[in-house]
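Engineer: Return a 3D structure for these sequence lines:
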Amino acid sequence: MEKLTDRLPTKTPLDKILNGGLEIDTITNVYGPPGSGKTNIALCTVLGVVKNNKSVYIDTEGSFSYERFAQLGGTQKDMKNIFLLQVHDWDEQHKIVQSLEKMVEKEDISLIVIDSLVALYRLHLDDTNFSLVNRQLATQYSVLSKITRKHKIPVLVTNQVYTKDDKVELTSRTIARYWSKTLVELRKLEKDNHRVAIVRKHRSIGEGKAIEFKIVEKGLEETKKFDIF
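Structural biologist: Numbers count the residues shown, from 1 in each chain. Take a look at the predicted model:
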């Protein structure tokens, strides 16, 4: 296995605003509305790893596309280095996340991706189980945090958003902000396929650093860079 440096490139324009990519000892949380590019970023990041290393990819929405993977340059050989786990309900997700450290130690994993961490959480959450489900989500974040700090394995999770008082918020706001050392917001722009990524939290990068990009067949391309957003 090739050793990673202190940053893991995502192979997307996000690398420019993240000083080279994902920090290897933190949870990076990329959030935005449907179609904003979250899964594309997840796939590009995985592709940067699996040429030489193994990755875990947990798909909770059925959004992993073999066709899109191939468009981005992925091959059948690359797929052999991905432990693709299709999850269908919240309880199953909770069990799988809790078992990840054993998998990491057994299989020599170099990246963990969960797309999305909160899709099944939102479906499962109601007035009767609110406290329990939020504790379970916090536990999952805690497990991921322990793995990334102990084993120096970057963790990338995607998150959904909702609107409150005309303000866009990421789902499970308080829990997500506490456990995620890096937060990147994605927004859709009026121009077709154009998006903007904005740093909302980072240990060494100022909030508001942003970059505009567009989604094309072969990946994500930078179109315009912002200093402040």
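
Engineer: When you work out contacts or count neighbours from here on, use the C-alpha atoms and nothing else.
Structural biologist: OK.

Engineer: The worst-scoring helix or strand of the chain on mean pLDDT packs against which elements?
Structural biologist: Ranked by mean pLDDT, DSSP states H and E, the weakest helix or strand in the chain is strand 167-170, scoring a mean of 76. With contacts taken as 3 or more Cα pairs under 8 Å, 6 or more residues apart in numbering; DSSP states H and E, strand 167-170 sits against strand 161-164.

Engineer: Can you tell me what sits against the strand it packs on?
Structural biologist: Identification of contacts with strand 161-164 by Cα atoms under 8 Å, 6 or more residues apart in numbering yields 31-33, 168-171.

Engineer: Turn the residues you listed into TSV, columns for distance to residue 72.
Structural biologist: Converted to TSV, these look like this (distance: Cα to Cα, whole Å):
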residue	distance to residue 72
31	21
32	21
33	22
168	30
169	30
170	27
171	28
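
Engineer: In this protein, which residue is most central in space?
Structural biologist: Centroid-nearest residue in the chain, with Cα atoms, centre = their mean: residue 157, separated by 2.8 Å.

Engineer: Please give the element, helix or strand, for that residue.
Structural biologist: In the assignment (DSSP states H and E), residue 157 maps to strand 155-159.

Engineer: Let me see the ranges of the helices in the chain.
Structural biologist: Using DSSP state H, the helices of the chain run over residues 14-17, 38-47, 66-71, 76-79, 90-98, 100-107, 119-124, 130-151, 173-179.

Engineer: then stretch 164-183 to CSV, C-alphas only?
Structural biologist: What follows is stretch 164-183, C-alpha atoms only, in CSV (Å, rounded to 0.1, in the frame of the first residue of the first chain):
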residue,chain,number,x,y,z
LYS,A,164,-35.2,27.2,8.0
ASP,A,165,-36.2,30.9,8.2
ASP,A,166,-34.9,31.3,4.6
LYS,A,167,-31.5,30.0,5.6
VAL,A,168,-30.0,26.8,4.3
GLU,A,169,-28.9,24.4,7.0
LEU,A,170,-27.2,21.0,6.9
THR,A,171,-29.2,18.1,8.3
SER,A,172,-28.4,17.2,11.9
ARG,A,173,-26.8,20.6,12.2
THR,A,174,-25.4,20.6,15.7
ILE,A,175,-24.1,17.0,15.6
ALA,A,176,-22.6,17.4,12.1
ARG,A,177,-20.9,20.7,13.1
TYR,A,178,-19.4,19.2,16.2
TRP,A,179,-17.9,16.1,14.7
SER,A,180,-16.9,17.4,11.3
LYS,A,181,-13.6,19.4,11.3
THR,A,182,-14.1,20.4,7.7
LEU,A,183,-17.5,21.5,6.3
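
Engineer: And that stretch, what's buried?
Structural biologist: 169-172, 176-177, 179-183 (16 or more other Cα atoms under 10 Å).

Engineer: ok, these vs residue 53, which is closest?
Structural biologist: Nearest to residue 53, judged by Cα to Cα, of the buried residues of stretch 164-183 is residue 182 at 23.2 Å.

Engineer: Deepest in the core, which of the helices of the chain is it.
Structural biologist: helix 38-47 (a mean of 23; mean count of other Cα atoms under 10 Å).

Engineer: and that one, how far from the chain's centre?
Structural biologist: 8 Å (Cα atoms, centre = their mean, to the nearest Å).

Engineer: What of stretch 176-188?
Structural biologist: 9 Å.
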